[in-house]
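In: just a sequence and a predicted model for now, questions to come.
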Amino acid sequence: MQTYRHLSGKLRYVVVLLFAIHYSLFTASAQSEGGLLAGIEAEKKINKEFSISLEGELRTRNDFKTMDRWKIGLDASYKVNNWLKANAGYSLLDYNNREKVEYYTSEKGNEKIKWRPSYWSVKHRFHASLTGSHKFMNGIKLSLRERWQYTYRPEKETERYKMKIKDQTMTLDDGYVRSGKGKNQLRSRFQIEYDRKRALFTPYASVELYNSWGIEKVRYTAGTDIRLGKQHSLGVYYRYQDIRNVDEDDYDPDMHYLGLGYKFKF
Amino acid sequence: MRKSFLYMILPALVLVFATSCEKDDTDFSQYKLTDGTDDDDDDDGDDPMTSASDTIYIAWNGAAVSVTGDNDGYVSVSGADVTVDTGEDADSLMLVLSGTTDDGSLLVNRSKKYTILLNGVSITNADGPAINNQCSKALYVVCADGSTNTLTDGTAYADRSYQQKGALFSEGQTYFSGAGTLNVYGNCKNAIACDDYITIEGDITINTVTSDTGSNGIKANDGMYINGGTLKIKVVSDGGRGIRCDSYVNITGGNTTITTSGDCVIEKNAEGVADTTSAAGIKCDSLFSMSGGSLTISSSGDGGKGIRCDQNVEFSGGTLVVKTTGDNDVSKPKGIKSDTGIIVSGGSFSVSVNKSWACDNGSESEVPSAQLTVLGTPVSSSIEKKKVVITY
């Protein structure tokens, strides 16, 4: 009981810290935005090698003001040996696609805008990964994860408007269809963590590259897992996402994320 | 423990739900929504660029090519075969094509949208497409006012590492516009092929001829939108379609004339079972809708159909004339065949056949009026097995 009281006190500091990060992210530069990543995960260990997990996640953008994405995913994990783990899974993603605004001049010289407002659409994602890791005697653990993922977005009919700037009028462009498309990506993540048995905090830092015929984005993450007991753990992290070279359709500004997670092990 | 957990989760939830309900769209609320009918400038559709950071002029003269304006070294020439490779360059680009070659081509590799201005060009390529656009973004094909342009392919293509599906082939969505004429002769596959959708706008005239060694007039994967222009499609190949679309076909304007004369083709599939492919004016795997313009289809081959659609055929305006004169030795030369419904609610609708049914909506009924749905009150209506004429 005393332990939990002690823990509760520490967590109060963590909550205060989270709010501090939250409000500091509101002042992110104009070229980047702040967002929240909140996840919840349940894991069931089938046997010593095999486990499955179900995960839900939501993501915000626009300095925490706009919902960006919901995700629900199922993952199966197999421990090949002490240093190698294999994963495969499926995720259903529901995206709030960003608006698209194009300014142009028509053949007759009028200044115009083509505007596709933001809209929600689903994507299906499959992934498979291999993670190799090595833990040193002092608790430092290094790992490298190579993940292939395939994301498919089905065809979607969306609203689009053509607007005349001079007249301040807009016309609905009926039946605009965004075609379906699939995308393969290789994600490479290198992580270092300080992993001591039964420690309250397991701090870590990682860098992850998204590769699809070129580096599309890089994620830098630093955070800690917080062990609340045998079954419960929390995670808190900061992530900076550096967008390098993505399709017009997948555009995001650079993002500062505050991440929160809860994990339950059966 | 639970209390501690709440300390963490509750603020997070409050944080999320209290602050993440705003939209981040630009505020265009001061713009007034109109139906666009008073917009005399709105015939520009998905406007092609009329000026570009990079404008490159490519002029053919037989086996020779002259290139001007290529300040960044995008263009390479081999004989009269021209390759434009802009890599990831995002600067706007316009290619202006002119001149004549009997053995040349244009291949474009690019990652951003661009415009091809056809300014009196004639390209014949014996072993591949005359123009092959490998850019998956928008391509605007503009015929310069009053110009006549001709693209012709050969009867067999050389093997390449990239796709080549027609005399004019485009990977990305393709918008045709302008006030000139484009003639396209397809001798191997399709006359015009697009792995995305095709839109035809403005005053352009497009004539396509697909020979007996080719397949379809226009092949579009993700949609065919005819909003203007004059489109004449002639297909003589067996089993060939004037317009073959894996998705929607939507006609709101323009004058389209399609003639097919090919017979039905019998082929064995992978399981060795014989399957038939009939020629058709339009073959559409999704919704076919027409609300304006005119569409005239004539099919004269055995089993040649007018419109063959996997989903609804919805006709609400414009003038539609379909006539099939073929025999029914192998397949039935139906005027309009839909798997789900034929719905007529406006305009002038006329379908006639020599054999089989004028309209077939997939039902088993032997009653002609049960083969289509007529909405509203037509001025005149005559529904017979071989002839359906409805006028609003």
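Out: Great, that's in hand.
In: neighbours around B:Ser380, how many?
Out: B:Ser380: 9 surrounding residues under other CB atoms under 10 Å in any protein chain shown. For the C-beta atoms, the positions are set from N, CA and C on the backbone; glycine is no exception.
In: list the contacts of it.
Out: B:Val389, B:Ile390, B:Thr391 (CB atoms under 8 Å, 6 or more residues apart in numbering or on different chains).
In: next: A:Ser118.
Out: Contacts for A:Ser118 were tallied using CB under 8 Å, 6+ apart; they are A:Asn96, A:Asn97, A:Arg98, A:Glu99, B:Lys23, B:Asp24, B:Asp25.
In: tell me where the stretch 1-150 of chain A has strands.
Out: Secondary structure of the stretch 1-150 of chain A (DSSP state E, counting those that start in this stretch): strands at A:32-45, A:50-61, A:66-79, A:84-97, A:100-105, A:111-116, A:119-135, A:140-153.
In: adjacent strands (with direction) for the first one?
Out: If I follow you right, that is strand A:32-45. Here strand A:32-45 is paired, per DSSP bridges, with strand A:50-61 (antiparallel), strand A:254-265 (parallel).
In: where in the stretch 101-250 of chain A is pLDDT low?
Out: Scanning the stretch 101-250 of chain A for pLDDT under 70 picks out A:105-110, A:174-175, A:247-249.
In: give me the residue from it nearest chain B.
Out: Closest residue of the stretch 101-250 of chain A to chain B, CB to the nearest CB: A:Thr171 (3.6 Å).
In: just the buried ones from the contacts of B:Ser380?
Out: B:Val389, B:Ile390 (16 or more other CB atoms under 10 Å in any protein chain shown).
In: how about the helices in chain B?
Out: Using DSSP state H, the helices found in chain B span residues B:2-19.
In: in it, which ranges drop under the pLDDT threshold?
Out: Those would be B:1-19, B:35-53, B:90, B:269-270, if you go by pLDDT under 70 across chain B.
In: could you point out the longest strand of it?
Out: strand B:114-125 (DSSP state E).
In: close to chain A, is that strand?
Out: No - judged by CB under 8 Å from any CB of the partner chain, strand B:114-125 makes no contact with chain A; its nearest approach is 11.3 Å.
In: need the contacts of A:Ser118 in JSON lines (columns: neighbour count and distance to B:Gly253).
Out: Below are the contacts of A:Ser118 laid out as JSON lines (neighbours: other CB atoms under 10 Å in any protein chain shown; distance: CB to CB, whole Å):
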{"residue": "A:Asn96", "neighbour count": "20", "distance to B:Gly253": "35"}
{"residue": "A:Asn97", "neighbour count": "20", "distance to B:Gly253": "30"}
{"residue": "A:Arg98", "neighbour count": "21", "distance to B:Gly253": "32"}
{"residue": "A:Glu99", "neighbour count": "14", "distance to B:Gly253": "29"}
{"residue": "B:Lys23", "neighbour count": "14", "distance to B:Gly253": "34"}
{"residue": "B:Asp24", "neighbour count": "16", "distance to B:Gly253": "36"}
{"residue": "B:Asp25", "neighbour count": "16", "distance to B:Gly253": "31"}
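In: farthest pair in those?
Out: Between any two of these, the greatest separation by CB to CB is 12.0 Å, found for A:Asn97 and B:Lys23.
In: kindly report the residues of the stretch 151-300 of chain B close to chain A.
Out: Within the stretch 151-300 of chain B, the positions adjacent to chain A are B:Gln173, B:Asp196, B:Tyr197, B:Asp222, B:Gly223, B:Tyr225, B:Ser247, B:Tyr248, B:Asn250 by CB under 8 Å from any CB.
In: for the closest residue to the second one other than its chain neighbours, what are its contacts?
Out: Right, B:Asp196. Residue nearest to B:Asp196 in three dimensions, not counting chain neighbours: B:Gln173, with 4.1 Å by CB to CB, 6 or more residues apart in numbering or on different chains. The contact partners of B:Gln173, by CB under 8 Å, 6+ apart, come to A:Ser179, B:Lys137, B:Ala138, B:Leu139, B:Cys194, B:Asp196, B:Tyr197, B:Ile198, B:Thr199, B:Asp222.
In: can you rerun that using 6 Å?
Out: B:Ala138, B:Asp196, B:Tyr197 (CB atoms under 6 Å, 6 or more residues apart in numbering or on different chains).
In: so the closest residue to B:Ser20 other than its chain neighbours bridges to which residues?
Out: Nearest residue to B:Ser20 in three dimensions, chain neighbours excluded: A:Thr60, at 4.3 Å (CB to CB, 6+ apart). Beta bridges link A:Thr60 to A:Met67, judged by DSSP bridges.
In: please report how far A:Thr60 lies from B:Gly253.
Out: Distance, A:Thr60 to B:Gly253, using CB to CB, to the nearest Å: 43 Å.
In: who has more neighbours out of the two?
Out: Using other CB under 10 Å as the criterion, A:Thr60 and B:Gly253 rank with A:Thr60 on top: 26 against 21.
In: may I ask you to confirm that that one is in contact with A:Gly35?
Out: Yes - judged on CB atoms under 6 Å, A:Thr60 makes contact with A:Gly35 at a distance of 4.8 Å.
In: related to what we said a few turns ago, any idea which of the contacts of B:Gln173 has the most stuff around it?
Out: Counting neighbours by other CB under 10 Å, B:Tyr197 comes out on top of these with 23 neighbours.
In: what is that residue paired to in the beta sheet?
Out: Note on B:Tyr197: beta-bridge partners by DSSP bridges are B:Gly223.
In: tell me the contacts of it?
Out: B:Gln173, B:Ala220, B:Asp222, B:Gly223.
In: that one and B:Ala220, how far apart?
Out: 6 Å.
In: again with B:Gly239
Out: Separation of B:Gly239 from B:Ala220 (CB to CB) stands at 18 Å.
In: neighbour count winner among these two?
Out: Per other CB under 10 Å, whichever of B:Gly239 and B:Ala220 has more neighbours is B:Ala220, with 28 against 24.
In: quick one: buried residues of stretch A:198-212?
Out: Buried residues in stretch A:198-212, counted by 16+ other CB under 10 Å: A:Thr202, A:Tyr204, A:Ala205, A:Ser206, A:Val207, A:Glu208, A:Leu209, A:Tyr210, A:Ser212.
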